[in-house]
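Participant: Pasted the sequence and its predicted model underneath.
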Amino acid sequence: MAGEHLELCEQLIATHTPLYAVRGMHTTVQRWLTHLGADRIRASPHMCIVAAVIAIDVGDGEAALNWSRLAWREVDRADDAAVRLGDQFVLQAEALQAALEPRPAADLISVGAHAFALLPGGPWRAFAGLALGVNRYLSGDAGAIDTLNEALFENEVGDWSIMNAGAAAALAIVLDLEGRQDEAAGLCTRALRLLDTRRGETYPATGLTMAIASLIESRRGRHQLASEHLLASRRRLDMLESCAPWYRILGLVTLIRTCLLLDDAQTAGDLLRQLDLSMAIQDDTTPFAARTGELRHQAQAATRLLSGRSWSLTAAELRVVQFLPTNLSLAEIATRLFVSRNTVKSHAAAIYRKLGATSRSNAVLLARSAGLIEERPAATHAAALNSRLVSGPPQGGQRVQTKR
C-alpha cells in the first residue's frame, strides 16, 4: 500500500472501530489491522488506540494495556499532543488509561472525569462513563450511581448491545450492593435480553452481566443456571485479569456473593483470594472496602461451617452420585450400573438425606462443594465406573468417608 493510502486506511479504521467494537464486530477490525502490520500499528498512535480496543474485545488484557500505554506515551511526550494528534485522540487515550491501568480507583477518577466531560456523545463517552462510575463507587464517591446512569443512557441512545449490557450489569451490581435488589433484577433482565441478540457468541466484556445473572438466579433457587452463569463469568473476568481492576473487582464481589448462596464455600474461598489480590492496591478505608471485609468474614465462616461437616457415603452411593449431574433418569442410571431402578432410588434418597439436599440439583451443588463428584464428562464417568464393576463390586458395607 502507498503511504497516502495507508494514512487514509488508518483514518477510516480509527473512525469506524468504536462502533464496530461495541457491536461485537471486532473480527472485521482485526482484518483491517492485519493489512497494516504490527510495525505500522506501533508507529501510529491512533492505531495503538484501535489495537487496545480490539484487545479488550477479544479478551487479551495484557495486550490492551500495552497498546494503551503506547498511545499514552505519545500524549505524555509533548505539550502539543492535542495539536499534533487531535483533541479526540487525547481524550480517547485518557479514557483508556482510566479504564485499564491497574492503579487505585481514586487515582484514575480525575483523568476519567476529564475524558467523560469532554468526549462527544458516542461509544467512547459511554466507555469512559462506565469505568468512571465504577471507579467512583470503589472510591466512595457519592456521584457514582449518577455517573453509571449517565453511561447507561449514553449506551441506550447508541443502541450498542454488548456495551449496553455491560453498563446495565455494572449499575445492577452497584444497586444490589446498596440494597436495591428489585431495580438490580430489572437491569439484569435487560442486560440478558441485550445479549440474546447475539446468541452463540461470547465476549469478555460480558463478564459483569454473567456475574449479576448468577446472583439473581441463585436467589430465585435456579441453582444450576446460577452455576452456569458463574462459570461463564469467571472465564470472562480472567481474560482481563491484568488490566481494568474495577471490572474484575466488581465481578468477583458478585460471584462470591453467589457462591455463598449456593453453599459453595470452596469456590468462594478461591474467588476471595483473587479479590484480595485485586484490592491490594485500593484504599482500604472506603465503604466498599468495608463491604469486601464483611464478605470475607462471611466466606471464612462458611468455610469453617462446611469443614465441620462429614458425610459418609457407601461405595454404591458414591457411584450413583457421579451420575446426578447428568440428565439420565434413575432407570437409565440403573442400566449403566447394572442394578435395579429401586436400588438407585434408595441410594439417591440416602445421598439426599446425608447431604441435606432438597432436590437433585441441590444435591449436585452440595456434592461438588464437598469434593464428592469427580469433574469428568458423564461418558468418562460411566466408562470408569463400569470398568470397576467388571472387576467385581466392593465388599458389602464398605464406606467412603469424605470430609472437607
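Facilitator: Alright, I've got the coordinates.

Participant: per-domain residue ranges of the chain.
Facilitator: According to automatic domain parsing, the chain comprises the domains 3-304, 312-403.

Participant: Tell me where the stretch 151-300 of the chain is predicted with low confidence.
Facilitator: Flagging of the stretch 151-300 of the chain using pLDDT under 70 yields the residue ranges 198-202.

Participant: Outside of stretch 170-180 itself, list whatever touches it.
Facilitator: 130, 133-134, 137, 144-145, 148-149, 151-152, 181, 183-185, 187-188, 191, 208, 211-212, 215, 250-251, 253-254, 291 (Cβ atoms under 8 Å, 6 or more residues apart in numbering). Where C-beta positions appear, they are placed from N, C-alpha and C, glycine not excepted.

Participant: hmm, back to that, right, so the domains of the chain: which one is the most enclosed?
Facilitator: Comparing the domains of the chain by mean neighbour count (mean count of other Cβ atoms under 10 Å), domain 3-304 comes out on top with a mean of 20.

Participant: Quick one: the helices in the stretch 201-350 of the chain, in order.
Facilitator: 207-219, 223-239, 245-261, 265-279, 287-307, 315-321, 330-337, 341-355 (DSSP state H, counting those that start in this stretch).

Participant: Nearest approach to V364 belongs to which of these?
Facilitator: helix 223-239 (7.5 Å; Cβ to Cβ).

Participant: Now do that closest one: distance to the chain's middle.
Facilitator: For helix 223-239, the gap between its own C-alpha mean and the chain's C-alpha mean amounts to 7 Å (Cα atoms, centre = their mean, to the nearest Å).

Participant: Alpha carbons of it, in PDB - could you do that?
Facilitator: What follows is helix 223-239 as a C-alpha-only set of coordinates in PDB (Å, rounded to 0.1, in the frame of the first residue of the first chain):
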ATOM      1  CA  HIS A 223     -29.000 -23.200  41.200                       C
ATOM      2  CA  GLN A 224     -28.000 -25.000  38.100                       C
ATOM      3  CA  LEU A 225     -28.400 -21.900  35.900                       C
ATOM      4  CA  ALA A 226     -26.700 -19.800  38.500                       C
ATOM      5  CA  SER A 227     -23.700 -22.100  38.500                       C
ATOM      6  CA  GLU A 228     -23.500 -22.000  34.700                       C
ATOM      7  CA  HIS A 229     -23.500 -18.100  34.700                       C
ATOM      8  CA  LEU A 230     -20.900 -18.100  37.500                       C
ATOM      9  CA  LEU A 231     -18.600 -20.300  35.500                       C
ATOM     10  CA  ALA A 232     -19.100 -18.200  32.300                       C
ATOM     11  CA  SER A 233     -18.400 -15.000  34.300                       C
ATOM     12  CA  ARG A 234     -15.200 -16.400  35.900                       C
ATOM     13  CA  ARG A 235     -13.800 -17.300  32.500                       C
ATOM     14  CA  ARG A 236     -14.500 -13.800  31.100                       C
ATOM     15  CA  LEU A 237     -13.200 -12.000  34.100                       C
ATOM     16  CA  ASP A 238     -10.000 -13.900  33.900                       C
ATOM     17  CA  MET A 239      -9.400 -12.800  30.300                       C
END
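
Participant: rewinding a little: could the helices of the stretch 201-350 of the chain be laid out in CSV, adding distance to G61?
Facilitator: Formatted as CSV, the helices of the stretch 201-350 of the chain follow (distance: least, Cβ to Cβ, whole Å):
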stretch, distance to G61
helix 207-219, 11
helix 223-239, 6
helix 245-261, 9
helix 265-279, 12
helix 287-307, 22
helix 315-321, 38
helix 330-337, 43
helix 341-355, 38
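
Participant: Out of those helices, which is closest to V111?
Facilitator: For those, the distance to V111 is smallest for helix 245-261, at 13.5 Å, taking Cβ to Cβ.

Participant: Just list what the closest one packs against, helices and strands only.
Facilitator: Identification of packing neighbours for helix 245-261 by 3 or more Cβ pairs under 8 Å, 6 or more residues apart in numbering; DSSP states H and E yields helix 123-139, helix 161-177, helix 207-219, helix 223-239, helix 265-279, helix 287-307.

Participant: change it to 6 Å
Facilitator: Using 3 or more Cβ pairs under 6 Å, 6 or more residues apart in numbering; DSSP states H and E, the elements in contact with helix 245-261 are helix 123-139, helix 207-219, helix 223-239, helix 265-279, helix 287-307.

Participant: Compute the inter-axis angle for that helix and helix 161-177.
Facilitator: Orientation of helix 245-261 against helix 161-177 (axes from the mean of the first three to the mean of the last three Cα atoms, to 10 degrees) gives an angle of 60 degrees.

Participant: what sits up against helix 245-261?
Facilitator: Around helix 245-261, the neighbours that count as contacts under Cβ atoms under 6 Å, 6 or more residues apart in numbering are 102, 134-135, 173, 207-208, 211-212, 214-215, 218, 230, 233, 237, 267-268, 271-272, 274-275, 278, 295, 298, 302.

Participant: Can I get it in CSV, CA atoms only?
Facilitator: Extracted in CSV, the C-alpha atoms of helix 245-261 (Å, rounded to 0.1, in the frame of the first residue of the first chain):
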residue,chain,number,x,y,z
PRO,A,245,-9.2,-3.7,38.2
TRP,A,246,-12.6,-2.0,38.6
TYR,A,247,-14.1,-4.6,36.2
ARG,A,248,-12.6,-7.6,38.0
ILE,A,249,-13.3,-6.3,41.5
LEU,A,250,-17.0,-5.7,40.8
GLY,A,251,-17.4,-9.1,39.1
LEU,A,252,-15.5,-11.0,41.9
VAL,A,253,-17.6,-9.5,44.7
THR,A,254,-20.7,-10.5,42.9
LEU,A,255,-19.5,-14.1,42.3
ILE,A,256,-18.5,-14.5,45.9
ARG,A,257,-22.0,-13.5,47.0
THR,A,258,-23.4,-16.0,44.6
CYS,A,259,-21.2,-18.8,45.9
LEU,A,260,-22.4,-18.1,49.5
LEU,A,261,-26.0,-18.5,48.3
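
Participant: That helix to helix 223-239, inter-axis angle?
Facilitator: 160 degrees.
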